[in-house]
Structures are given as C-alpha cells and as structure tokens.
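1. following is a predicted model, sequence given first.
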Amino acid sequence: MLISLKALQLELPAVAKPALKDLCEIIASLGFPVDGVEQGLEGPVLDVDITANRGDVMSHRGLARDLAAKLGQDLSPVELDPLEEGEALVSVRLEADACSLYATAVLALGAVQSTPPEVRAFLTSLGSSPKDLAAVDASNELLHRYGQPTHAFDADKLQGGIVVRWAKVGEKVVTLDGVERELGGTDLVIADDSGAIALAGLMGGESTKVTADTRRVLLESAWFEPRVVRAMARRHGLHTDASHRFGRGADPGMARIARDLLAARLKRWAWASVEGAWTEGSGPIPRAAISLTKELLQRVAGEPLPLDDAAVKLRNLGCGVEENQVSLRAVPPTWRHDLAIPEDLAEEVLRLRGYDLIPSSLPPMKSDPEPLSSAYRQRLSLSRRLAALGFHQTVTLGFISPEADARFATTPPEGRTIGNPLGYEYSVLRSSLLPSLVHAAESNLRQGAREVRLFEIAPTFHATPDGPEERSTLGIVWAGETGGQDPLTPQGPAHPAALQGVLAALGSSDAQCEVRSLEGGILVAELCIGSIPAEAERVIPTFQGFSRFPAAERDLSLVVPLDLPFRRLAEAIQRALMGTPLQSLTCVDIYRGKGLPEGRQAWLLRLTFQGDRTFTGVEVDGWVGSALEAARSLKAELRG
Amino acid sequence: MDALDLSLLPQEIVVANERFPAELAACSDLDALNRLKGVYTGREGSFAVKLMEKLKSAPKERKRDLGAAINSLKSTWEEALKAKQVDLEGMKKSLEAAKNLWDTTLPPPVPPMGALHPLDRLMARLVEVFRPLGYHVEEGPEVETEEHNFDGLNIPEDHSARGTADTFYLAAHPQLLLRTHTSPVQVRVLKRLATELEKRNGIRFLAPGRVYRKDEIDPTHSPMFHQVEGMLVGKGIGMHHLKGTLAYAMKALFGEGADVRFRPSYFPFVEPGSEMDVRCPLCGGAGCRVCKGSGWVEILGAGLIHPNVLRFAGIDPDIWSGFAFGMGVERTAMMVSQTPDLRLFFENDQRFLKLMGGLD
C-alpha cells in the first residue's frame, strides 16, 4: 500500500521527527515492512506491505493510529461536522444480513465543482488519477486517508428505493469498468426498482454513475461482511481498493463519519446542500472482551511483564481495558477484527514493545530425541555415493506433459492428472523420473557437454483408487562420450555394462534388468529406493570369517557359441562345482576376432578356489576338469 | 702421439686423420659410430688395413719407426671410438629411461566427480545444524488432503490460498492437492503424537521437502520449490525460545557474526507471528542490491503455534505450547550464493551443478 509521508504527517505530526530511514524501521518493527520509497510530487511515498489480517491499517489514518500507539503520541483530531440525521428521503431496506449498516445522505450539487489542488496531488502521488468530479475524488481521498470506502450514486438516476439484497440467479449488472456481470445467489448487490445497480463493496454500476451532469447524489457509507466481499471479488476477478478494505474488515464505527466527511467535502468543493441524511441498521455485533492472564503473557514474552504496562499499550491501540492483579480484560476497538484470543493481545503488547526486546534463550532439552529415519539416511547416502561415482544430482518438476509421461509410464495418467495445471506440459504427476532426466541430459548435450551423468531422487506417483501413491525413486541417466580427458583413460561411448556396475555398486541385486539403452546412446536406469538394500541399522555388520590360506587361481580359455549367455555357463559350472571351495567365477576377457570358428567367441574364465587349507595341484586340476566338463555340456570347448 | 711422424704416412691417411675428430663428433647414434669404425679400424679396406699393407711394403730400416707411428695412430682412433661408444650407449640408456618416466606435470586421470544438488546440500546442512538441538527429520507426502494442508493449520475456509488460482488440485480427486507448504507435516506429526506427548515430553523435528504453488516460472518463481519447516512442542514455550533457537541456527549456518532481527508478521497457524531477517550476508548491512538497501534480508517466517493448530490435532493448548518456523530453501540458496535466477536450480545444467554442488 502506498503511503504519502505528507499525508501521514497530517494524521500524526510526530512522524515528522525521525529521519525517513528510521521511520521506515519503526513501521517495519510494527509488522509492516517498507518495500521501497519513491519521491513523489509532494515528497516521499512509501510502499508499505500490510499483512492480510490488518485491514484497519490500509489507510493513512490506520497506519498513523498504529504508529501513534507505538510512539505514545496523539493523532490529529478528525475535523468533523456531523450531519443531522432525519427521516429517510429514499427507502433503504437491508434484506441480507451481510450488510448490517448503511449510512446515507442526499445532496444537491452546485453549478460548479472543483477538486482542491492538494487533493489532486495527494491522489496523483498514490497512483490514482483525479476525475475532477467532486463526489468521486472526495470518495477516493477518504478511502486512502481513512480506509472507509464510500460511493456516490446519481440520485436522479435511481428508480424507487434502495435494497441491499442477494442477487437473483442470472441477474445482470454493468459495473463502472464497463463489464456486464452475470450474478448469482451469493452476490450481494445494491438494487433499486430497476434491479442491481452496484456490486456491494466492490464497484458501482454504470446506470447510476456520477457524471459531470449529475445534479443530485445519494451517498453510501456502509459495512459489508468481509467474507462475502472476498468471495465476490474472487468470483468476479474484481479486486478493487474497496474490496481489499471491506474484504479485510472495514471499521463499522467509520460508516457515519465517512459519510459526514464526504458530505462536508461536497459542500466545500461543489457548493452542495444537504437534503437529508439517515442510517439503516446498527452494524455488526460488537466484539467480545478477551482476557489475558499475567501467566500467559509471561510465557509468550519469555519474561514477566507488568499487566498495567500491557494495559496502557492495549489502550493506546484503542481497546477498552480493565485489569486486576492476575489478568486483564480488553474489548477490541471497532476496527480491530483480528483480535480474538489471548495470544492476540500478547502479540500486540510485544509488537508495541518491539520484538527486539524479547529475550533470547534455548528451550530446555526435555523431549525425547529421535534418530534420523533409515529412509532419510538411505537417500542421503545414495546421493553421496552417486555423487562420488561421478553423477550430478538434479531437481526437476514433479509434473510433466502427458506425452513425456507416456514415454516411460507403465500405466495411463488417469488418477494422477492435475485438474488446474499451469499448462498442458505440466499436467501429469509423473510415474517415472526418466522423462525429466532424459530431457535434462539431452539439453546438456545440446549445450555442448561431452558426457552427462545425472541422477534424481524424488517420489514418483502411481494411481490408486484413493489417490496417487508416492514411491521414493532413484533415476539415473548417462550419456555422451566417457573418458578421453587425460592420457591414460581411453575415450568411448558410455557402455550399458558400466551403468550396471554403478547399480551393482549401490547394492542393487539385479542391475542388468534395469539398464535401458535409448536412442542417441543415452543410458537410463530407474529403481524404487525400497528395492535397494538399506544401510544396516547396526553400525558394523556381524563378523564373518575369511580364509587366510592362499587362493588357487586357474584361467580357463573356452570357445563358446555366440548365443550362450555367460550366466547360463556360470550356473552350470557352479552346479558342477557344488561342494568344492570355489570362491569366485568370472569372465576376465572376451575375444571375438579372427581365427575362431563361425558363430563362436572366446572367453577367458577365471576360477578362484580358497578354503581352510592349501590345496594340491591335483585337487585343483580335478575341479577345473569338472568345470570344463560342465562347459562342454553347453557346447563350449577348450580353446586350442 | 708425440712419436707420430706424419711425414712417414701417405697423404690420404693424413687427411683422414685430420677429418677424424669431426667425423667422430658427427656420429649421433651407435649405427653411425659402427660405420665410422669400419672406415678407420675395420678388418677390410679400412685405413688401418691400408696402413698395415703400407708397413709390409716399407723398407726394412723404416719399418720400426713406421710401425710405431701406425700403432700410435690406430690406438688413438680406437680409444676415441671406444670413448664415443660409451657415450652413445649411455645416451641410449638414458633415452630408454626417459621413455619409461611419467611426466608428473601431465594432467593426471581424475576419477569422475559428480555433485549433490545445491538445494539438497542446503537442506542436509540445515538438518545437521539442528541435530545438536535434538531435532530429527519428519516427512510427509507431496499429495495432501485439504485437512492437513489447510484445515489443521487454522487457514480459514475462504482463504485465497485454497483457491484453484493458488493451489494445484487433482482432477480425479478434488479433495486432494499438491501441498503448498511443508506445514501439513506438522499436522500429521501432532495428530500422530497427540496421545504420546506426555510420555515423550514433547516433540521437536524438521520437515524438509518439496512444495507446489501455482506460480508461473520466472526468475524468482517456480511452481515447485523447497521448504524446511521446524517445530517444537513443549511446556511453557515462548517467543524467547524461538529467538534463541533461530539465533543459534543462523550462527551455525552463516558463522559467528550472523546477526538476526525479528519483526511481527502474520501467518494463520502461529500467534504471535514473526518474520526473521538476517544481516545481509553480501554487504554486511551497508546496503546493496540483494537487501534492497535495507541491510537486512528476510529469511523465514515463524511464531508460536496457534492454539487452534494444537486443538485440531487433539492437543490441549492450556498445557502444551510450542513454536514453528519455515524457511524457503531456494530463496536462502539464492541469497547466500547470489544466484541471479531461480530457474538455474531446476535447469540442471551440469556446469551449474558442478560449480554450485559438492560431495557433501
């Protein structure tokens, strides 16, 4: 909200004293940070951030009131010339309880009107252009100065009496912005015999608008239920200065005063004469008293604070306060809709004292501590291991386009689509991390990266009848050329087997099923974190013995059919050597070059035997013989 | 050599002998040396053989002198050739050695280095900061109910945050939404532990995680971002405890000199509410672009838990009290690192990740 320093001084002369920077600090210390200061025509204009609970501060008078309480200074009196109320000249009926107070007056305007230059300058400095219509400019000025929105109807355009009522379904009104709006049963309208003529608390209507030809005006200064105004503003997408203030709660105590101030301005600026003034309704139910105990205040404040001092602060804010030795009772002023519970009063006391005076100490360590969960630790340790293995952790959005999703999803997107997405490309909660990872890899390659190694750990979403189930998932992508960056490491495309090795290093039991090779040599893998064995809960695993006897290592060079999977051969040999001290069986070299029969390749197998004694050469030869026999059963032959 | 009388020797040999030192010096390898050896001292056709033939045919009375002169000349050549051979062999050996020597100034093969994401590093760091105070990590789902995301947090039924303009709702499950803050974890934990609070003397935890709001992607907004929420429930907890806790955390995070200030603010789920600023880490408070000249940067929102939040979870606010705080991870990361554009954190350019990440 924009605040003109000059206008603020009119309400509270004491703000002239501190330097501007200090004044901004004081305003911030009340809970309203100053986002910026601009030099306006009439001096500095402050952009003050008002919290959503404080509709009462949305005016120069409102901010000055809080500052006056903080500084212990007096506000300037409001120059008021109260209108004498009498019989209603036009019938005003409040049919909906969302409007419980409606102060009005009818005035005849003089032949000439002009808005005083200081008011024009004031409005201009707040970014609001003067209209040179006394009723409009005065209403606008009052809104910014006192926070009470008012409205002037062209009284000669009204047809019959005024009714504040709920709109009829399908009823229409053209608002001052020229938009025809279709209304529903939860829209509160000001109506005359012709139908709706204004949206209550939001905007007046075209049909009764004040123009240069207007001779008589009917003023409206009312109180509308904040909840109703907020809902209407949202429904119609019509957020106005008036709706912001009624929506956060206007001051019912200001309704008559603002009408009188408006009438007084019209008398001065437009030679107006009052034909009559009257008020319908009595306003909302006054707020109940709140009690604050000394004990609660001390707990919140962190130190004993004298209740009489708290009472002074609350009185400065406009509360009616009674206090005794142990507690106080405060009745909030008509403008403070936010005060409802004892903690609210405690906050007010601390706010006026300044939060910087609150002592600072650590709470006692009473509650039982808990270890970090194994799920959290597992994710952290997986991330650290992958980073150490050369992979970069990424963060990508949880929602993607239906096409991207379909590329890796195993189920249709139903049940995990967003009803109101930012756009089509962000409309599905992803069931796989791979679309986003592949996208990131491709864009890195396009940017000239030689090698891309990325991973992400995030939930994936899987539809169930009760809503998406979230699974903690690890996705990995490896693309481009690896190596070639130093004289010892040869360059080559990332090999699927290398990614399998990474998965195996993470503890995945069946790494070979999970690696997929995509177009462009992009390798991907995705695992449910739950399928990776978690770190043992014990710091060190149970001791397992290991042999200190020398291992016997034998290499077996075999010519095998090209279509024989290593796993089959290994399983056959392991079966044949069941009961022998075979420690490991692995393939250490593959040859597929010249000199081999058609359809064959050569494997160099390495068998390692180790046990609780040293083995003789004859024993080992026997085992290797059995291995060879098992290999022969699969059409493998010793390489000559 | 003194005895050598060159006048006794044929002119051809004298010339050759004069050339010998230059020819010897010109031999750059053993092959060249062997060829030179052949020319001067070889078994066939060499100068030495020619001299021996000359000696045979010389008159008897001159044989003795000539023989001495020839021997002297031959041994001069042989010695010089041998010395050169030793030199060349030495050179060859040191060349072989140099071939096997690794130049330690060459770039060594560095194992591939990845990196943790800067946002994850910051969150892990915050967990580390709060561990000594007894906080553990609580987590919750990203798809939440209105009850946990709004109702349990004292957010009025008509609050604009509940609208479809601010919050993502699921098409097939209109009661489900993508959580707009990590605060629903508070509601879940408080509900779960309501009956155990007395036994365990309260609770304190952090809730880091991803949250979603319907913001267009721009340099300072993203529809998905991260928060770290903290909560403590105990008996007699006040604003001083919140201040003490956060002042410690900021010192742990930004260093001993970290200065903080608290301002009143408003969040429906706390009362009193507060925002905390830290002294601008970039300019130290003098005023700069990051702090918009104020010397302070807003870093988190906090306050004492609203009695309605405790009541909703089934906890008696007359017995229990506590505080909660929530920090925007991206905002803090941007501020600390002076990263100019939020989108960089989600673009996943490896160059950015390498520069901004690390291994722990």
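-> Alright, I've got the coordinates. Just so you know, these numbers come straight off a predicted model, no measurement behind them.
2. tell me the first helix or strand C-terminal of the longest helix seen in chain B.
-> Scanning chain B for the helix with the most residues, using DSSP state H, yields helix B:60-100. Next along the chain after helix B:60-100, taking DSSP states H and E as the criterion, comes helix B:118-130.
3. could I get the full set of strands for the stretch 251-360 of chain B?
-> Secondary structure of the stretch 251-360 of chain B (DSSP state E, counting those that start in this stretch): strands located at B:260-265, B:270-279, B:296-305, B:321-328.
4. returning to that earlier point: which elements pack onto the longest helix of chain B?
-> With contacts defined as 3 or more CB pairs under 8 Å, 6 or more residues apart in numbering or on different chains; DSSP states H and E, the packing partners of helix B:60-100 are helix B:11-26, helix B:30-41, helix B:47-57. Just so you know, the C-beta spots here come from the backbone N, C-alpha and C atoms, and that holds for glycine as well.
5. between helix B:11-26 and that helix, find me the angle.
-> 20 degrees (axes from the mean of the first three to the mean of the last three CA atoms, to 10 degrees).
6. okay, the angle between helix B:60-100 and helix B:47-57?
-> 170 degrees.
7. tell me what angle helix B:60-100 forms with helix B:30-41.
-> Using the same axes, to 10 degrees: helix B:60-100 against helix B:30-41 is 180 degrees.
8. tell me how far helix B:60-100 is from the chain's mean position?
-> Centroid displacement of helix B:60-100 relative to its chain, using CA atoms, centre = their mean, to the nearest Å, is 61 Å.
9. what's near enough to touch the residue in the stretch 151-300 of chain B that chain A sits nearest to?
-> Across the stretch 151-300 of chain B, the shortest distance to chain A (CB to the nearest CB) belongs to B:His240, at 2.7 Å. B:His240 makes contact with A:301-303, A:358-361 under the criterion CB atoms under 8 Å, 6 or more residues apart in numbering or on different chains.
10. again, 6 Å this time
-> Going by CB atoms under 6 Å, 6 or more residues apart in numbering or on different chains, B:His240 touches A:302, A:358-361.
11. out of the helices and strands in the chain, which is least certain?
-> In the absence of a named chain, chain A is used. helix A:511-514 (a mean of 64; mean pLDDT, DSSP states H and E).
12. that was the other one, I meant chain B.
-> Min over SSEs of chain B, mean pLDDT, DSSP H and E: helix B:47-57 (a mean of 85).
13. what is the neighbour count of residue 261?
-> In the absence of a named chain, chain A is used. A:Leu261 is flanked by 25 other residues according to other CB atoms under 10 Å in any protein chain shown.
14. hmm, no, I was thinking of chain B.
-> With other CB under 10 Å as criterion, B:Arg261 counts 18.
15. give me the pLDDT for the residue nearest to it when sequence neighbours are not counted.
-> Spatially, and ignoring its direct neighbours in sequence, B:Arg261 is nearest to B:Asp277 (5.1 Å; CB to CB, 6 or more residues apart in numbering or on different chains). If you check B:Asp277, the pLDDT there is 91.
16. residues contacting B:Asp277?
-> Neighbouring residues of B:Asp277 by CB under 6 Å, 6+ apart: B:261, B:296, B:298.
17. of those, just say which sits nearest to A:Lys21.
-> B:Trp296 (12.3 Å; CB to CB).
18. backbone dihedrals for residue 9, please?
-> Answering for chain A, as no chain was given. With angles defined as degrees, to the nearest 10, A:Gln9 shows backbone torsions of phi -60, psi -30.
19. quick check: it touching A:Ala16?
-> Yes. Using CB atoms under 6 Å, A:Gln9 makes contact with A:Ala16 at a distance of 5.2 Å.
20. who's more crowded, these two?
-> For the pair A:Gln9 and A:Ala16, the greater number of neighbours falls to A:Gln9 (17 against 11), based on other CB under 10 Å.
21. residue 199: how many residues sit nearby?
-> Because you didn't say which chain, this covers chain A. Neighbours of A:Leu199 using other CB under 10 Å come to 27.
22. should've been chain B
-> If you count neighbours by other CB under 10 Å, B:Lys199 ends up with 8.
23. ditto for the one 3 residues further on
-> When neighbours are defined as other CB under 10 Å, B:Gly202 has 21 of them.
24. among the contacts of B:His240, which are located in strands?
-> Among the contacts of B:His240, no member falls in strands (criterion: DSSP state E).
25. residue ranges with poor pLDDT in the chain?
-> Unless you meant another one, I'm taking chain A. Residue ranges of chain A with pLDDT under 70: A:510-513, A:535-538.
26. look at chain B instead
-> Checking chain B against pLDDT under 70 turns up B:1-7.
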